[in-house]
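*Asks:* Fold the following and give me the result.
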Amino acid sequence: MKVNTPPGYSEHHTGRAVDLATPGCPPLTEEFETTAAFAWLVRHAHRFGFTMRYPRGNRFGIAYEPWHWAVQEPE
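*Replies:* Next up, the predicted model:
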């Protein structure tokens, strides 16, 4: 089952996550993964301490969100 986090449990409340959008792409849609902005993030976000938190098949069972990026958890 795919879910989104319930109200009050989002990483956004911690200040550790952002939802990104780019002109010409509807916000908060999987279509974001086809944009140049997404391609840049995949290549460079780690250099700035960010990771795509909910990739396909993520361990949290959260629906795929290519627009949702968060500060990387310490290893």
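*Asks:* need the strands for the chain, in chain order.
*Replies:* 17-19, 50-52, 68-71 (DSSP state E).
*Asks:* Same list (those) but as CSV, adding distance to residue 39.
*Replies:* All C-beta atoms are positioned from the backbone trio N, CA, C, and that covers glycine. Compiled in CSV, these are given as follows (distance: least, CB to CB, whole Å):
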stretch, distance to residue 39
strand 17-19, 18
strand 50-52, 12
strand 68-71, 14
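*Asks:* Pick the most buried one from those.
*Replies:* Using mean count of other CB atoms under 10 Å, the stretch among the strands of the chain with the largest mean neighbour count is strand 68-71, at a mean of 20.
*Asks:* what packs against that one?
*Replies:* The contact analysis (3 or more CB pairs under 8 Å, 6 or more residues apart in numbering; DSSP states H and E) places strand 68-71 against strand 17-19, strand 50-52.
*Asks:* and the closest residue to residue 67 other than its chain neighbours, how many neighbours?
*Replies:* Distances taken as CB to CB, 6 or more residues apart in numbering put residue 32 closest to residue 67, at 4.6 Å, once the chain neighbours are dropped. Residues near residue 32, counting by other CB atoms under 10 Å, number 21.
*Asks:* about what we covered before: the helices and strands packed on strand 68-71: which one's closest to residue 40?
*Replies:* strand 50-52 (11.6 Å; CB to CB).
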